[in-house]
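Student: Structure for the following, please:
(chains A, B, C and D)
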Number of protein chains: 2
Amino acid sequence: MDTFIEYVLQFGNLNKQQIDLIQSKAIEIELRKDEFYWEAGKAVKQIGFLTDGVLRVYYYNNKGEEITRYFIDEKHLILSGNNVDDFFIPSEYLQAITDCKMIVFTKQDWKDISETIIGWENIVQKIIAKHHTEKIKRRSDLISQDATTRYLDFIEKFPTLANRIPLSYIASYLGITQSSLSRIRKNIR
Amino acid sequence: MDTFIEYVLQFGNLNKQQIDLIQSKAIEIELRKDEFYWEAGKAVKQIGFLTDGVLRVYYYNNKGEEITRYFIDEKHLILSGNNVDDFFIPSEYLQAITDCKMIVFTKQDWKDISETIIGWENIVQKIIAKHHTEKIKRRSDLISQDATTRYLDFIEKFPTLANRIPLSYIASYLGITQSSLSRIRKNIR
DNA sequence: ATCACTTTTTGCCATTTGGCAAGTGCTTTC
DNA sequence: GAAAGCACTTGCCAAATGGCAAAAAGTGAT
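Tutor: Down below sits the predicted model:
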């Protein structure tokens, strides 16, 4: 829980009372490896913050292949479609790829927080902006490099992950086949 | 100007008085082809909305190559780093690639609007969310497909652009060399 | 330890893309 | 209209990646 407060405080100030309010609404949950946080087509009813572990977002392309769009690691806020008010039905899957710990808020509680804490929306907006800038940057940096470089960048960004999760997740994220990634790994050694 | 109001109204309601306020602050500007809206390293002092034309965002990668990160077409809000409050210095270039018309607001005026119109921040947040979802989706869809498919997708998304802007912009966006793109074009004919 | 199952690696060859340099075509300038 | 400049195309060959199938390695249950 403190992780979340600490994280939020980087983006704006909160007083004791405000922190208490947030803490009183927060629910700690755990996700086992391979469990889903979202599933395509199922309404999302909560706002989550990942405190431990790694998630991946994936979807099926028009060839029916499973494509990992990106990985989410610790200290990341997960907003439904980035907008709290809407009834949100995702078109992608958000799956734990390691055991995870999260803090979640019901949409109603989150709305209460937004309405009670002046400046909360602003903080959230900053967090969203940060996440998105990172995501776009990481994604588009991928395209101007060859597959080996992309893989090396991946290892650098997620050093603990490379040997713990299925190769296929990484391959589709990098935009290459699993066999190619396997060969790239061989060449790196 | 009306384009902007119409656009905003898709994301939330505004009354006459609120619309008047926005209109009173809006400044219409034009950008000639190749002019910059942002330049890396130079502070951005305004919020803009593109009503006509196309912009591109580019940067230089670690090999010194110019990489087009994405294209921005009509009806797109351009927020400095997606956050109005901060003093913002971009690390990328935002350049008109056709003649463009924009509406801009000074940061102060924008702040006044935010503070005066209840729900404005919420509308803006929705717009940001929409833009980002599209961007991420478009970008990551690029990676699971071969270059020809990527180019066809590009044409579909920007039908009027393919033959009007330098090939090199499109090539770096698609993550291939200019010669490869030229060959792909030849094969498509 | 064995078996069944899944994931990863490898071989073989086809296809795609890159790198480089030369050639073509178009525009601008004088 | 000749020269220069720029963008695009093409030829040639090398390197990277894909497709498919089989082999190898890893995992879990009994």
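Student: following the worst-scoring helix or strand of chain A on mean pLDDT, which helix or strand shows up next?
Tutor: Across the helices and strands of chain A, mean pLDDT, DSSP states H and E gives its lowest value to helix A:120-143, namely a mean of 84. The helix or strand immediately downstream of helix A:120-143 is helix A:147-157, counting by DSSP states H and E.
Student: Please spell out which residues along whichever helix or strand comes after that following helix are buried.
Tutor: Sequence order places helix A:167-174 as the next helix or strand after helix A:147-157, per DSSP H and E. Across helix A:167-174, burial judged by 16 or more other C-beta atoms under 10 Å in any protein chain shown covers A:169-174. The way it works is simple: take the backbone N, C-alpha and C, and place the C-beta from them, glycine included.
Student: Identify the residues contacting stretch A:147-159?
Tutor: With C-beta atoms under 8 Å, 6 or more residues apart in numbering or on different chains as the test, stretch A:147-159 has contacts from A:54, A:71, A:73, A:138, A:141-142, A:145, A:162, A:170, A:173-176, A:180-181, A:184-185, A:187-188.
Student: Now find how far off-centre that stretch is within its chain.
Tutor: On the basis of C-alpha atoms, centre = their mean, to the nearest Å, stretch A:147-159 sits 18 Å off its chain's mean C-alpha point.
Student: how close does the residue positioned nearest the centre of chain A sit to DNA strand C?
Tutor: In chain A, the C-alpha nearest the mean C-alpha coordinate belongs to A:Ile72, at 3.2 Å (C-alpha atoms, centre = their mean). A:Ile72 sits 20 Å away from DNA strand C, going by C-beta to the nearest atom of the strand, to the nearest Å.
Student: how about that residue, what does it touch?
Tutor: Here A:Ile72 is in contact with A:50, A:54-57, A:78, A:94 (C-beta under 8 Å, 6+ apart).
Student: if we go to 7 Å?
Tutor: A:50, A:54-55, A:57 (C-beta atoms under 7 Å, 6 or more residues apart in numbering or on different chains).
Student: Counting by contacts, list what the helix or strand A:Ile103 falls within packs against.
Tutor: Assigned by DSSP H and E, A:Ile103 belongs to strand A:100-106. Here strand A:100-106 touches strand A:27-31, strand A:46-52, going by 3 or more C-beta pairs under 7 Å, 6 or more residues apart in numbering or on different chains; DSSP states H and E.
Student: Partner strands of it and their direction?
Tutor: strand A:27-31 (antiparallel), strand A:46-52 (antiparallel) (DSSP bridges).
Student: Now do that strand: distance to the chain's middle.
Tutor: Using C-alpha atoms, centre = their mean, the offset of strand A:100-106 from its chain centre is 12 Å.
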